[in-house]
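J.: structure for the following, please:
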Amino acid sequence: MSYNFERHLDDESLERYAFGRLEETRTELLEEHLLICEGCRTRLDTTEQYIKAMARGSLLLRQQSTPSLLSRVNEWLASFRLPATAWAAAALAICAILYFSTANLRRGGPVLAPVAVSLLAERGPSEQTAPAHHPLLLHLDARGLDLTYPVHITLVNASGSQLEEKAGTPGASVDFRTAAPLPPGAYYIRILKSGSSESAREFALEVR
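T.: Numbers count the residues shown, from 1 in each chain. Next up, the predicted model:
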């Protein structure tokens, strides 16, 4: 239906306008008419009040017929009637899972199994290699060394900075497990003389 802005508004147009559903071109004509027609403005006010009353009534009916969200949550929780000790154990388990999951994410992923590597004392172009980003279990060749307990082993990087130091049991080989996965680079593992910072044997390791 078309009309000019001087023509009184029909009920359908007023209702569609109140709901914001009237076409843009007709809206402009309707608003121009409302500026000059007090009767249509009064009818529009009445329509809007009716719409608001219906909306409030509908909301009230829904609130009376539907349990509140809080009531539903309380009913759901009441169905799990566990002893306080059981809830405490469950809470501790969840905290442990979150802790280890977060620790793994900070390390960039899950903890990988250690890789065993046997190192000989020789150094040079044929130096031993190991995979990067894995904990390493290093078997250090200690044959021919006069060692007494305790044996100290140090791990240093290519710039000479000490990364780790541990004690080991003397024997034909000395085991050394890195505390954390090593990134790619050159490293040196040193067996120190007892009671001294002097190296008794040094091993070169290329992590790649």
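J.: CA only for contacts and neighbour counts going forward, please
T.: OK.
J.: flag the shaky bits of this protein, pLDDT-wise.
T.: By pLDDT under 70, the low-scoring segments of the chain are 1-6, 61-112, 122-127, 148-149, 194.
J.: so who does residue 177 touch?
T.: Going by CA atoms under 8 Å, 6 or more residues apart in numbering, residue 177 touches 135, 136, 137, 138.
J.: so where's the longest helix in the protein?
T.: The helix spanning the most residues in the chain, taking DSSP state H as the definition, is helix 38-65.
J.: check which helices and strands that helix sits against.
T.: Secondary-structure packing of helix 38-65 (3 or more CA pairs under 8 Å, 6 or more residues apart in numbering; DSSP states H and E): helix 11-18.
J.: neighbouring contacts of the helix it packs on?
T.: 22, 27, 43, 44, 47, 48.
J.: ok, the third one - contacts?
T.: Shown here is residue 43, whose contacts under the criterion CA under 8 Å, 6+ apart are residue 14.
J.: and if you look at residue 34?
T.: Applying CA under 8 Å, 6+ apart to residue 34 gives the contacts 40, 41.
J.: could you check how far it is from residue 141?
T.: 99 Å (CA to CA, to the nearest Å).
J.: put the alpha carbons of stretch 46-64 into CSV.
T.: C-alpha atoms of stretch 46-64 as CSV (Å, rounded to 0.1, in the frame of the first residue of the first chain):
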residue,chain,number,x,y,z
THR,A,46,-1.0,3.7,22.3
THR,A,47,0.4,1.0,20.0
GLU,A,48,3.9,1.2,21.6
GLN,A,49,2.4,1.0,25.1
TYR,A,50,0.4,-2.1,24.1
ILE,A,51,3.5,-3.7,22.6
LYS,A,52,5.5,-3.0,25.8
ALA,A,53,2.6,-4.4,28.0
MET,A,54,2.5,-7.6,25.9
ALA,A,55,6.3,-8.0,26.2
ARG,A,56,6.2,-7.6,30.0
GLY,A,57,3.3,-10.1,30.3
SER,A,58,5.1,-12.6,28.2
LEU,A,59,8.3,-12.3,30.3
LEU,A,60,6.3,-12.7,33.5
LEU,A,61,4.7,-15.9,32.2
ARG,A,62,8.1,-17.3,31.3
GLN,A,63,9.5,-16.5,34.7
GLN,A,64,6.6,-18.2,36.5
